[in-house]
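Chemist: Here's my sequence, what's the structure:
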Amino acid sequence: MLSEHRSGRLVAWGNAWLSGHTSLDSAAEQVRADGDEPHRVAGVPGEDADVSWTVALGRLRAAGVTGFRLALPRPGDPLGLKGPAAFNQAAIEVGEAVLTDGPALGIVPSVAGYGPDGDRGHAVRWTVTPVESGAAPVPTLSEAERELNAALREAAEELARLDVARWRPELAESLAAIRGHGRAPEAVLAPGYPPRAVKVLTQAQRLAAIADLAKQDEGGSVTALESRLRASALVGLERVTRRAQLAAYHSILEPGGQ
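Modeler: Numbers count the residues shown, from 1 in each chain. You can find the predicted model right below:
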């Protein structure tokens with residue numbers, strides 16, 4: 001299955017609301033993923049207690065927020081982050097965060113799962129804190145497309161080795177689900193995003209899912225050197241997919257991006 005970050009949902013629907021493409025109530029509701037309890041938000045300007053996203057979004061806009069941007073950091077690669085160190089560490093621990101245009105704020109989710117497998121629920125609490133000002137470098141959609149294509153060519157041989165394990169039912173089924181997973185555009189991004197962003201995000205999420213699946217199997221690697229080379233190719237592809245996701249989610253904020 002394709003992975004969708006909660007921070008990505010907040011960025012997409014928050015930007016759609018700020019740009020007038022959806023209502024406040026719709027944006028607040030769409031931030032919540034399937035299986036989530038109603039989200040709570042702490043540290044919202046002007047609020048002493050935790051609030052809903054309906055209240056939080058309104059308060060953030062009143063405080064001067066004009067856009068939301070995604071960060072998808074990993075240890076050693078703080079992609080999308082600007083600091084301070086404590087905020088970066090919190091974002092790296094969960095692998096995602098949101099930063100705002102206007103007042104420099106960062107928002108990190110905390111997710112607590114409960115219930116048995118097959119009937120899992122999630123309690124989600126977001127924390128808003130001040131962060132350093134300035135913009136983190138992110139590729140444009142055009143740059144992201146070129147990076148994805150180049151990375152896919154470079155890693156194609158390594159990814160193809162995943163097919164060596166097709167006899168393993170769990171890998172074969174997962175790979176087929178990723179390759180054949182189609183979604184309507186409105187299920188990928190929020191209203192107001194350009195079709196090109198939908199294409200880039202879908203491709204990036206599919207490649208990220210395939211790279212993650214490939215990490216679970218050695219494919220055709222038979223030596224330690226081959227295994228290291230394969231792992232390096234997959235790490236490079238994974239980073240490019242994260243950069244492409246940021247480009248897609250941020251596209252509505254760019255000149256001519258709507």
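
Chemist: bridging residues for the closest residue to G115 other than its chain neighbours?
Modeler: Leaving aside its chain neighbours, G115 sits nearest to G121 (4.9 Å; criterion: Cβ to Cβ, 6 or more residues apart in numbering). In this view, the C-beta of every residue, glycine as well, is placed from N, C-alpha and C. Taking DSSP bridges, one obtains Y114 as the residues bridged to G121.

Chemist: how much space between G121 and G113?
Modeler: 7 Å (Cβ to Cβ, to the nearest Å).

Chemist: And the pLDDT for S19?
Modeler: On pLDDT, S19 comes in at 96.

Chemist: just checking, it touches Y193?
Modeler: No. With contact taken as Cβ atoms under 8 Å, S19 and Y193 are classed as non-touching, separated by 9.6 Å.

Chemist: I'd like to know which elements the helix or strand hosting E147 is packed against.
Modeler: Using DSSP states H and E, E147 maps to helix 141-160. Using 3 or more Cβ pairs under 8 Å, 6 or more residues apart in numbering; DSSP states H and E as the contact criterion, the elements in contact with helix 141-160 are helix 195-215, helix 224-250.

Chemist: just to revisit the earlier point, higher neighbour count, S19 and Y193?
Modeler: Under the neighbour definition other Cβ atoms under 10 Å, S19 and Y193 were set side by side, and Y193 has more, 24 against 18.

Chemist: Let's verify the more buried one: helix, strand, or coil?
Modeler: With DSSP: H, G, I helix; E, B strand; the rest coil as the basis, Y193 sits in coil.
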